[in-house]
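1. give me a model of this one.
(chains A, B and C)
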Amino acid sequence: MPSKKLSIIVFSGDFDRAVAAFTLATGAAAVNWEVNLFFTFWGLDIIKKKRGHSFIGKGLLARFFNFLLGGRKNLPLSRLNFGGISPQLMTGMMRSRNVATLDELIAAAQQLHIKFIACEMAMHILGLTRDDLIDDVKEVIGVPTFLQYSEDAQVLFI
Amino acid sequence: MPSKKLSIIVFSGDFDRAVAAFTLATGAAAVNWEVNLFFTFWGLDIIKKKRGHSFIGKGLLARFFNFLLGGRKNLPLSRLNFGGISPQLMTGMMRSRNVATLDELIAAAQQLHIKFIACEMAMHILGLTRDDLIDDVKEVIGVPTFLQYSEDAQVLFI
Amino acid sequence: MPSKKLSIIVFSGDFDRAVAAFTLATGAAAVNWEVNLFFTFWGLDIIKKKRGHSFIGKGLLARFFNFLLGGRKNLPLSRLNFGGISPQLMTGMMRSRNVATLDELIAAAQQLHIKFIACEMAMHILGLTRDDLIDDVKEVIGVPTFLQYSEDAQVLFI
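-> Below you'll find the model as predicted:
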């Protein structure tokens, strides 16, 4: 019997969409689904080692973009962001309701053996190397390999 | 023979994305697909009883967020929103072309027995209870139950 | 043996999401998947014949919206757009890394026989006719036909 699988393309680097992606991922893993998270474009911002604004990456423009993106601590809300204060308010609301925060969801994903994968091409464009990403990222792959991993899986683009 | 199924995670509360979700849902239901709509985060704004700005929800911050979101009458366009005037212009364009408006699409979804489901965790974060949502919402569930409902379904994240 | 299939609903007209859609599409086609691209709403902006700002479409409002959207040359970045300069910076970064640009990805999609399909209803709302779209668009269809084409396919909403 093939196990059930969920593959999520984490394209967005928005706080709220990241929470949705990790909530779905950990929820699926909790009932024994195999889960792959494929981080690309803005989504790479969630899995950078440097969690704040930092000039990383090769090339002047890439360094500038990466600085502006600002890492996991600075993910914006896709609406009602109010200059970046809202993600902190939202985290406060989550904490007061005893709902797992984004940091807790990411830690849970690691404990549940969810596979973190980074998109080769997006890393190339943004001038990032594997050393720029957290150690949980097990592989850097391209689209064909991702599709192969996602055979018989539910695939979502977030 | 298993019937065909479509599950849509309605994460966005944008007017245009809501129209897309309900167009896909009613189009699928019209050719006898089983359709589940799972409303989460901003998407909950589409199915609130109070269709305008209102301070609902438990907790000061939650009440403030819900007020700002503003309900179904105030869904913004994701682009070219022009301070909120565009959804009305778009509705006018839809009406003049004899295309179903969002309100008509939602009514059609109800008649076609599309299942409206609300995300437990998102309701919890936003301090909403079932009484805050329209009566068509039949269930409030978490991710594992949603995944179970979506077995053998096409799943979209909008 | 059924061939593997990928259907992408290209709803967004953002530069970065268009790049993601075409990267996934061409990556899948390169390993012999059958790929359908279903352009709807803002996504129609990517496949208009007129690549710049132009008053096309039937009806005053439709002409105004189409003008503002501005065609393939003016797709905005969904974040850090800086008044429209960023897509050009991003294209520069892609070129300097020898990564295919959006125009190159679209040309590759055509060569790989990826099927371009336009959404009937969205064209109707925006007052567009088939003549307004590039010749590669082979069909204009509705949701039920799209779902039929996507049977046994991985379906993504971008």
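2. what ranges does chain A have for its strands?
-> Taking DSSP state E as the criterion, chain A contains strands spanning A:5-10, A:34-39, A:115-119, A:137-141, A:154-157.
3. now the ones you listed as TSV including distance to C:Leu60, mean pLDDT and mean neighbour count?
-> In this view, the C-beta of every residue, glycine as well, is placed from N, C-alpha and C. Below are those laid out as TSV (distance: least, CB to CB, whole Å; pLDDT from 0 to 100; neighbours: other CB atoms under 10 Å in any protein chain shown):
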stretch	distance to C:Leu60	mean pLDDT	mean neighbour count
strand A:5-10	39	97	24
strand A:34-39	44	97	24
strand A:115-119	43	98	22
strand A:137-141	49	95	16
strand A:154-157	35	97	23
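4. can you put the ones you listed in JSON lines and add distance to C:Ala107?
-> As requested, the strands of chain A are arranged in JSON lines below (distance: least, CB to CB, whole Å):
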{"stretch": "strand A:5-10", "distance to C:Ala107": "23"}
{"stretch": "strand A:34-39", "distance to C:Ala107": "25"}
{"stretch": "strand A:115-119", "distance to C:Ala107": "22"}
{"stretch": "strand A:137-141", "distance to C:Ala107": "25"}
{"stretch": "strand A:154-157", "distance to C:Ala107": "23"}
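5. what residues does chain A have near chain B?
-> Selection of chain A residues close to chain B by CB under 8 Å from any CB of the partner chain yields A:4, A:6, A:16-17, A:20, A:23-24, A:26-28, A:30-31, A:33, A:78-80, A:89-90, A:92-94, A:96-97, A:99, A:154, A:156-158.
6. can you flag the buried ones in the residues you listed?
-> Burial by neighbour count, 16 or more other CB atoms under 10 Å in any protein chain shown: within those this picks out A:4, A:6, A:16-17, A:20, A:23-24, A:26-28, A:33, A:78-79, A:90, A:93-94, A:97, A:99, A:154, A:156-158.
7. okay, and which of these map to helices?
-> With helices identified by DSSP state H, the entries of those that belong to them are A:Asp16, A:Arg17, A:Ala20, A:Thr23, A:Leu24, A:Thr26, A:Gly27, A:Ala28, A:Met90, A:Met93, A:Met94.
8. mind listing what the residue nearest to the second one when sequence neighbours are not counted touches?
-> What it means is A:Arg17. Once flanking residues are discounted, A:Arg17 sits nearest to A:Ile158: 5.3 Å by CB to CB, 6 or more residues apart in numbering or on different chains. Residues touching A:Ile158, when contacts are defined by CB atoms under 8 Å, 6 or more residues apart in numbering or on different chains, comprise A:Ile8, A:Ile9, A:Val10, A:Phe11, A:Ser12, A:Arg17, A:Ala20, A:Ala21, B:Phe11, B:Phe157.
9. what about 10 Å?
-> Under the criterion of CB atoms under 10 Å, 6 or more residues apart in numbering or on different chains, the contact partners of A:Ile158 comprise A:8-12, A:14, A:17-18, A:20-22, A:24-25, A:37, A:43, B:9, B:11, B:157, C:157.
10. please apply the same query to A:Asn74.
-> Taking CB under 10 Å, 6+ apart, we find A:Asn74 in contact with A:Gly13, A:Phe15, A:Asp45, A:Arg51, A:Gly52, A:His53, A:Leu68, A:Gly84, A:Pro87.
11. A:Val143 now?
-> Taking CB under 10 Å, 6+ apart as the definition of contact, the neighbours of A:Val143 are A:9, A:38, A:40, A:119-121, C:6, C:20, C:23-31.
12. residue of chain A with the smallest distance to chain B?
-> Ranked by CB to the nearest CB, the top residue of chain A for proximity to chain B is A:Gly27, at 2.7 Å.
13. can you tell me the closest non-neighbouring residue to that residue?
-> Across the structure, with CB to CB, 6+ apart as the measure, the residue nearest A:Gly27 apart from its sequence neighbours is B:Val143 (2.7 Å).
14. gap between that neighbour and A:Val143?
-> Taking CB to CB, to the nearest Å as the criterion, B:Val143 is separated from A:Val143 by 26 Å.
15. low-confidence ranges in chain A?
-> A:1-3 (pLDDT under 70).
16. run the last query once more with 90
-> Judged by pLDDT under 90, chain A has its weakly predicted residues at A:1-3, A:59-61, A:64-65, A:80-86, A:89, A:138, A:151.
17. for chain C, what's the nearest residue on it?
-> The shortest separation between chain A and chain C is 2.7 Å, found at A:Val143 (distances taken as CB to the nearest CB).
18. any idea how many residues pack against A:His113?
-> 9 (other CB atoms under 10 Å in any protein chain shown).
19. contact partners for the closest residue in space to it that isn't next to it in sequence?
-> Ranked by CB to CB, 6+ apart and with sequence neighbours excluded, the top spatial neighbour of A:His113 is A:Ala29, at 7.3 Å. Contacts for A:Ala29 (CB under 10 Å, 6+ apart) come out as A:Leu6, A:Val35, A:Ala108, A:Ala109, A:Gln111, A:Leu112, A:His113, A:Ile114, B:Val143.
20. filter the residues you listed down to just the ones in helices.
-> Reading helices off these with DSSP H, I get A:Ala108, A:Ala109, A:Gln111, B:Val143.
21. which of the residues you listed tops the neighbour count?
-> B:Val143 (24 neighbours).
22. distance check, that residue against C:Ser150.
-> Applying CB to CB, one obtains 24 Å for the distance of B:Val143 from C:Ser150.
23. check A:Glu151 too.
-> 17 Å.
24. give me the more crowded residue out of these two.
-> Under the criterion of other CB under 10 Å, the comparison of A:Glu151 against C:Ser150 puts C:Ser150 first, with 18 against 12.
25. measure the nearest residue to the more buried one once chain neighbours are set aside to chain A for me?
-> Closest residue in space to C:Ser150, ignoring its immediate chain neighbours: C:Ser7 at 4.0 Å, by CB to CB, 6+ apart. In this structure, C:Ser7 and chain A are 11 Å apart, going by CB to the nearest CB, to the nearest Å.
26. quickly list what C:Ser7 is bridged to.
-> The partner list for C:Ser7 in beta bridges (DSSP bridges) reads C:Asn36, C:Val155.
27. let me see the contact set for A:Ala122.
-> Under the criterion of CB under 10 Å, 6+ apart, the contact list for A:Ala122 reads A:11, A:38-44, A:128, A:140, C:16, C:19-20, C:23, C:99.
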